[in-house]
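**Student:** I would like the atomic coordinates for the input below:
(one chain, ligands or ions: 1)
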Amino acid sequence: MVFRRSARRMRWLGCYRLGPIWKALLVFVVIAFAGQLLGVIFNKSWMQPERPQSLYSLPSDNTQGSSLGSCQPHIHIMFLKTHKTASSTVLNLLYRFGEERDLKFALPLGYQFGYPLPFIAQRVKGYKSPHVGEFDIMGNHMRFNKPEVEKVMPPDTFYFSILRDPVALAESSYAYYKNVAPAFRRAKGLGDFADNPYKYYDPRLRNNHYARNLMWFDFGLDHTANFSLALAKRGVAAVRRNFKLILLSEYFDQSMVLLRHALCWPLDAVVSFSLNARQQVPTGRSAWVGKLIAPLALTDKQRVKLREWNALDWHLYQAFNLTFWQEVERFGRSRMETEVALLRTKREVLTRICLRDGGRPIEAGRIRDKTIRPFQSGLVKILGYELQSGLNNATWEACLRMIRPEIQYKDLLDLRQFPRAQQPSFAGGPPLKRESSILRADDHGGKRLVEKDWDGTIMFRNQSLEQADSKVRLR
Ligand SMILES: Nc1ncnc2c1ncn2[C@@H]1O[C@H](COP(=O)(O)OS(=O)(=O)O)[C@@H](OP(=O)(O)O)[C@H]1O
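**Tutor:** Next up is the predicted model:
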């Protein structure tokens, strides 16, 4: 009955009698409509072959992916890259944004700005003299030192940073710096360390800052000072004075929405894949894997102890957690929900297009393209991604930008800013100390240099980066 009625309606609409021209027209309209729909979710630039650059610089197609009304996008940005806080994911989007718009990065001579020493302007490659206003974006690891940063960055620079719950941060830091921080090295596990940190911790030993109040330290504050409320409040006030926005890694997507509004950036610019993730332990794990992660297991009591041990960081985190939610309130809760949902939709679409394995991060050793393997350190594996095969050139490059690990990306930008022939002559004086020293050449499938970074971190630099660079340019 229903069928007969709809058949009659179809006949009335004349669908059965459409000639070939009308049919072709109908197909065209349907395709155009579908294309339009895709363009909304998925920025048009990705649909255009052979157009490798900006998601950002393209004309806006709707209010969601475009710049925000009449405000002017910030291009002078200083990001204090705190440790183990999702800061590599944030840096990646700054790199992408700057690269697409040909902005100039203040880059370190090695991979960090003389960390853990307080930052000085001479650590910036190509820095000449104070306040010449040559640089747009700065975001590699440093121990913050405002007067010196101000010598490098223009006066209208937007300063921001990111924090994480100190317990989660301690887990991440312990796993990553186990062999670097003496306090961690000597402990049987993080729980053992939490039970009796003074047994293992000597503030005079190099790299032990990774084991206590690491965020406080990165902000340039005294991380070994005894906790007092007055001191903690002074620290928070100093951070508030210097930074316009403090993000939270636990609320990364909400953070991205606040960031993009503060910077007047399009939503596309803050869509990212999580980088530098530690391998998580599968449930029903084998005894072998269990052994591997036992050092990271914590009881509730040990979690409390870690908060006490990192009291300055805990205070900092709580203060800016409060501020963060006040910002969200000001922004509007439901408006925030809408934008977060949109951000996630965009990420899902990009995941399907860009990444293999449904976007699940994988062990470095399984990434066939060696040039995009993440740097490894510590107890557990640091994961990366593999790109889908068969992407067109423009899509391949846009996807690659999103997953390129920090070290490789920094090398690439460095090479763009200082092509081999134009290496800077260090007009601001010679580098104070080599940031990294090559220990030995290795031949793991070819061309790996093992370097010791200034902070004691072992770095594996891949000589095939240059090949990667020329591949990027050729493709
Ligand atoms: N988007 C997003 N949201 C939440 N958390 C994220 C995100 N991206 C990265 N991460 C986690 O951040 C940890 C790595 O931090 P960093 O990149 O700052 O580390 S580093 O200091 O540069 O080595 C690392 O934490 P752990 O996995 O606990 O070690 C990452 O998993």
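
**Student:** which ones are touching L163?
**Tutor:** 82, 85, 215, 246-249, 316-317, 320-321 (C-beta atoms under 8 Å, 6 or more residues apart in numbering). No exception for glycine: its C-beta is placed from N, CA and C like everyone else's.

**Student:** Enumerate the residues of the stretch 1-150 of the chain near the ligand.
**Tutor:** Taking C-beta under 6 Å from any ligand atom as the contact definition, the stretch 1-150 of the chain meets the ligand at 83-89.

**Student:** do the stretch 251-400 of the chain as well
**Tutor:** Going by C-beta under 6 Å from any ligand atom, the residues of the stretch 251-400 of the chain near the ligand are 252, 274-278.

**Student:** PyMOL command for the buried members of the residues you listed?
**Tutor:** What follows is the PyMOL syntax for the buried subset of those, where burial is set by 16 or more other C-beta atoms under 10 Å:
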select buried, resi 252+274+275+276+277+278
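
**Student:** which ones among the residues of the stretch 251-400 of the chain next to the ligand are found in strands?
**Tutor:** When DSSP state E is applied, these are split such that none fall in strands.

**Student:** ok, so of the residues of the stretch 251-400 of the chain next to the ligand, who is nearest R347?
**Tutor:** Relative to R347, the closest of those is S274; by C-beta to C-beta it sits at 9.8 Å.

**Student:** doesn't T89 make contact with that closest one?
**Tutor:** Yes - contact between S274 and T89 holds when scored by C-beta atoms under 8 Å: they sit 5.6 Å apart.

**Student:** joint contacts of those two?
**Tutor:** Overlap of the contact sets of S274 and T89 (by C-beta under 8 Å, 6+ apart) consists of F252.

**Student:** Phi and psi next, for the closest residue to Q72 other than its chain neighbours.
**Tutor:** Counting by C-beta to C-beta, 6 or more residues apart in numbering, Q72 lies nearest to C264, which is 6.2 Å off, once chain neighbours are set aside. Geometry field for C264 lists phi and psi as phi 60, psi 50, criterion degrees, to the nearest 10.

**Student:** cool, P203 as well?
**Tutor:** With angles defined as degrees, to the nearest 10, P203 shows backbone torsions of phi -60, psi -20.

**Student:** wait, which of the residues of the stretch 1-150 of the chain next to the ligand is closest to V236?
**Tutor:** Of all these, the one sitting nearest V236 is T85; the distance, using C-beta to C-beta, is 16.7 Å.

**Student:** any idea how far the closest one is from S255?
**Tutor:** Using C-beta to C-beta, to the nearest Å, one gets 11 Å for the distance from T85 to S255.

**Student:** Over to R204?
**Tutor:** 36 Å.

**Student:** How about C264?
**Tutor:** Counting by C-beta to C-beta, the gap from C264 to S255 is 16 Å.

**Student:** quick one on the thing from earlier: residues bridging contact with T85 and S255, i.e. touching both?
**Tutor:** With contacts taken as C-beta under 8 Å, 6+ apart, T85 and S255 have 162, 249 as neighbours in common.

**Student:** Looking at these two, which is more packed in?
**Tutor:** Between T85 and S255, counted using other C-beta atoms under 10 Å, the more crowded position is T85 (27 against 24).

**Student:** so that one touches F219, yeah?
**Tutor:** No - with contacts counted by C-beta under 8 Å, T85 stays clear of F219, the gap being 11.7 Å.

**Student:** And the helices in the stretch 301-450 of the chain?
**Tutor:** Under the criterion DSSP state H, counting those that start in this stretch, helices of the stretch 301-450 of the chain are mapped to 311-331, 333-354, 393-403, 406-417.

**Student:** Only alpha carbons, please: show the shortest one as PDB.
**Tutor:** In other words, helix 393-403. Coordinates of each C-alpha in helix 393-403 appear next as PDB, following Å, rounded to 0.1, in the frame of the first residue of the first chain:
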ATOM      1  CA  ASN A 393      50.500  15.300  -2.500                       C
ATOM      2  CA  ALA A 394      48.700  18.100  -0.800                       C
ATOM      3  CA  THR A 395      46.900  15.900   1.600                       C
ATOM      4  CA  TRP A 396      50.000  13.900   2.300                       C
ATOM      5  CA  GLU A 397      51.900  17.000   3.200                       C
ATOM      6  CA  ALA A 398      49.200  18.400   5.400                       C
ATOM      7  CA  CYS A 399      48.800  15.100   7.200                       C
ATOM      8  CA  LEU A 400      52.600  14.800   7.600                       C
ATOM      9  CA  ARG A 401      52.800  18.200   9.300                       C
ATOM     10  CA  MET A 402      50.400  17.000  11.900                       C
ATOM     11  CA  ILE A 403      52.400  14.000  12.900                       C
END
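
**Student:** Could you work out the end-to-end span of stretch 71-90 for me?
**Tutor:** Distance between the boundary residues of stretch 71-90 (C-alpha to C-alpha, to the nearest Å) amounts to 22 Å.

**Student:** now do stretch 74-82
**Tutor:** When the termini of stretch 74-82 are compared using C-alpha to C-alpha, they are 21 Å apart.

**Student:** Other residues contacting that stretch?
**Tutor:** By C-beta under 8 Å, 6+ apart, the list of residues contacting stretch 74-82 reads 87-88, 90-91, 94, 101, 103, 136-142, 144, 149, 153-154, 156-164, 214-215, 218-219, 243, 262-265.

**Student:** again, 6 Å this time
**Tutor:** Contacts with stretch 74-82, where a contact means C-beta atoms under 6 Å, 6 or more residues apart in numbering, come from 87, 91, 94, 103, 136-139, 141, 144, 153-154, 156-162, 215, 218, 263.

**Student:** Please pick the buried ones from those residues.
**Tutor:** 87, 91, 94, 103, 136-139, 141, 144, 153, 157-162, 215, 218, 263.

**Student:** ok, back up a step: let me have the helices of the stretch 301-450 of the chain in TSV, extended by mean pLDDT and mean neighbour count.
**Tutor:** Formatted as TSV, those follow (pLDDT from 0 to 100; neighbours: other C-beta atoms under 10 Å):
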stretch	mean pLDDT	mean neighbour count
helix 311-331	98	18
helix 333-354	98	16
helix 393-403	97	20
helix 406-417	96	19
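
**Student:** Once you drop chain neighbours, what's closest to the closest residue to the ligand within the stretch 301-450 of the chain?
**Tutor:** Residue nearest to the ligand within the stretch 301-450 of the chain (C-beta to the nearest ligand atom): E406, separated by 6.6 Å. Closest residue to E406 apart from its sequence neighbours, by C-beta to C-beta, 6+ apart: S88 at 4.9 Å.

**Student:** residues contacting that neighbour?
**Tutor:** Applying C-beta under 6 Å, 6+ apart, we find S88 in contact with 275-276, 406.

**Student:** could you give me the average pLDDT of stretch 363-378?
**Tutor:** Stretch 363-378 shows a mean pLDDT of 92 in the predicted model.

**Student:** Buried ones in it, by neighbour count?
**Tutor:** Residues 364, 367, 370-378 are the ones in stretch 363-378 that count as buried (16+ other C-beta under 10 Å).

**Student:** quick one: low-confidence parts of the stretch 1-150 of the chain?
**Tutor:** Residues of the stretch 1-150 of the chain that meet the criterion pLDDT under 70 lie in 1-67.

**Student:** do the stretch 151-300 of the chain as well
**Tutor:** Using pLDDT under 70 as the threshold, the predicted model of the stretch 151-300 of the chain has low-confidence ranges 281-293.
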